[in-house]
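*Asks:* Need a 3D model of the sequence below.
(one chain, ligands or ions: 1)
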Amino acid sequence: MAKKNWNVGVIGCGFMGRAHSNAYRKVANFFDVPFQPVLKAVCARTRADVTAFAERWGYESVETDWRRLVERKDIDAIDICTPNDTHKEIALAAAAAGKAILCEKPLARDSKEGAEMVAAVERAKVANTVWYNYRRIPAVTLARQLIEQGRLGRIFHYRAQFLQDWTISAELPQGGTGLWRLDKAVAGSGVTGDLLAHCIDTAIWLNGGIDSVTAMTETFVKERKHNLTGKVEKVGIDDACAFLCRFGNGSLGLFESTRYARGHKALYTFEINGEHASIRWDLHDLHRLEFFDHRDEGLTRGWRSIHVTDREMPYMGRWWVPGLQIGYEHSFVHQVADFLEGLAAGKPVAPTFAQAQLTQQVCDAVLQSAQNRQWVEVPQR
Ligand code: SOE
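*Replies:* Numbering: from 1, shown residues only. Predicted structure coming up:
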C-alpha cells in the first residue's frame, strides 16, 4: 500500500539545510517509515540561491519569504534551518498554522525565547523536535542503553569537551552568511549555545538533569569588523567556556568548549565514570564506543573499543552489513525516522522543544555564572 506523503518545507539552505534535505531524501530507502517525506518547498531570501538549492536537492518549489511557506496548505512540517535569531518567530508562526516543527539547535538564543516557543507548540499541540543530532549516532545511543541497563552502576563523573579552532584569526569578520555564529545579536552566545549546547543535551539524556553550575568564559578577540555594517565592532560572544556542575543524581560534571584549540576541528568527546564501568566516546571516531568494566576477569581486564556496526546495535540493522560503519549524516536520517514513527504513534520524539529548553536553561545559567563569578542554580522547568 502506498504511504501517505509528508510534505516538508525547509527554511534555510546552508550547512543544516543540506544535512536535513539529505536525511529526508534517504530515510525511506533505509527505514520502514510510516510516511513518505516529500521535499515540497525550500525557502531562502535570495531567489538565485534557493532555486539552485532546490534543483540540486529535488525540491518541488521555492519561496523567498518564510511567511508564505508557513501559510501554505500543502505543507505538513516546517524545518527551521536558519540562524538562531529567527527560530522563535518562525516557530511561533508555524505552530499557529498547525504545522509540525523541526528546529535546528539551539532551540533559541536564550531560555526566555525558548519558553515562548515551548508554550506555542504546547498550546497548538503540534509535533516538535530540536535537531540535537549527536544523540542518534549509534555509539552514543548504545552508551545510553548501557547506562539504562545499569552497567555503570552509580555514576560519579561526567566529562565533556567540544573543541574547534576556526576563529583564531583576528582578521576574521563577524556577522553575515557563514559568520553569524560570531555575532551575539544573531547567535545569542558563542561556544556555549553553539557547541556546549550539544554536550549539555547529550549529558542530560545520558545522566539526567543538571542542578547547579559555576563557569568562566573568555572572549579572546575583543573587536572584529562586522560584515553587515563594515565597521569594527565589539565582539559579544564567548570564544571559550568552561564550567563545573552538579547533576541531580549526585555526580559531578566538567565541561569545556573553545574555538581556539589549534588543531581541533570538531573534537566532541565525553567520558562517564561509574562505580562498575566507564564509557568514552569521540566524534572523530564516532562509530566506536570505548568501555571499561571493572568486573571483567583480571588478566584481560582493560578498555575495549566496541566497533558499533553489528545488527543488534542501535540503528545498525538498517544499514550495511556488520563491520561496515556509518557517519555524521546518518544521525540526521535517524532523527527523521524516529520523528515519523512518533508522528504515526502520536508520541513526542525527543528532544522536544520542552526538553531542549532544559539545555537552554543550563546555557543561561552558565553564562550568568561566568558573568557574576558565582554558582547558579538551574531552574528545573
Ligand atoms: C559550528 O562550527 C558547528 O557547525 C555547530 O554549529 C554544529 O552544531 C556542530 O555540530 C558542528 O559545529
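
*Asks:* excluding its backbone neighbours, what's nearest residue 268?
*Replies:* Leaving aside its sequence neighbours, residue 268 sits nearest to residue 283 (Cβ to Cβ, 6 or more residues apart in numbering; 3.9 Å). Where C-beta positions appear, they are placed from N, C-alpha and C, glycine not excepted.

*Asks:* what are the phi and psi angles of the one you found?
*Replies:* phi -60, psi -30 (degrees, to the nearest 10).

*Asks:* wait, what's in contact with the residue in the stretch 201-350 of the chain that the ligand sits nearest to?
*Replies:* Nearest to the ligand, among the residues of the stretch 201-350 of the chain, is residue 266, at 5.1 Å (Cβ to the nearest ligand atom). Residues in contact with residue 266 (Cβ atoms under 8 Å, 6 or more residues apart in numbering) are 162, 164, 283, 284.

*Asks:* how about the residues you listed in a markdown table, adding neighbour count?
*Replies:* As requested, the contacts of residue 266 are exported to a markdown table (neighbours: other Cβ atoms under 10 Å):
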| residue | neighbour count |
| --- | --- |
| 162 | 26 |
| 164 | 20 |
| 283 | 18 |
| 284 | 11 |
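
*Asks:* where's the residue nearest to residue 268 relative to residue 191, distance?
*Replies:* Distance from residue 283 to residue 191, counting by Cβ to Cβ, to the nearest Å: 15 Å.

*Asks:* what does residue 213 give?
*Replies:* As judged by Cβ to Cβ, residue 213 and residue 191 stand 15 Å apart.

*Asks:* Residue 297 now?
*Replies:* Distance of residue 297 to residue 191, given as Cβ to Cβ: 43 Å.

*Asks:* try residue 156
*Replies:* Counting by Cβ to Cβ, the gap from residue 156 to residue 191 is 26 Å.

*Asks:* Residue 157 too?
*Replies:* Distance of residue 157 to residue 191, given as Cβ to Cβ: 22 Å.

*Asks:* do the same with residue 362
*Replies:* 14 Å.

*Asks:* now swap in residue 134 and tell me
*Replies:* In terms of Cβ to Cβ, residue 134 sits 16 Å off from residue 191.

*Asks:* go on, residue 262?
*Replies:* Taking Cβ to Cβ as the measure, residue 262 falls 15 Å from residue 191.

*Asks:* Same drill for those two, tell me which one is more crowded.
*Replies:* More crowded of residue 262 and residue 191, by other Cβ atoms under 10 Å: residue 191, with 26 against 8.
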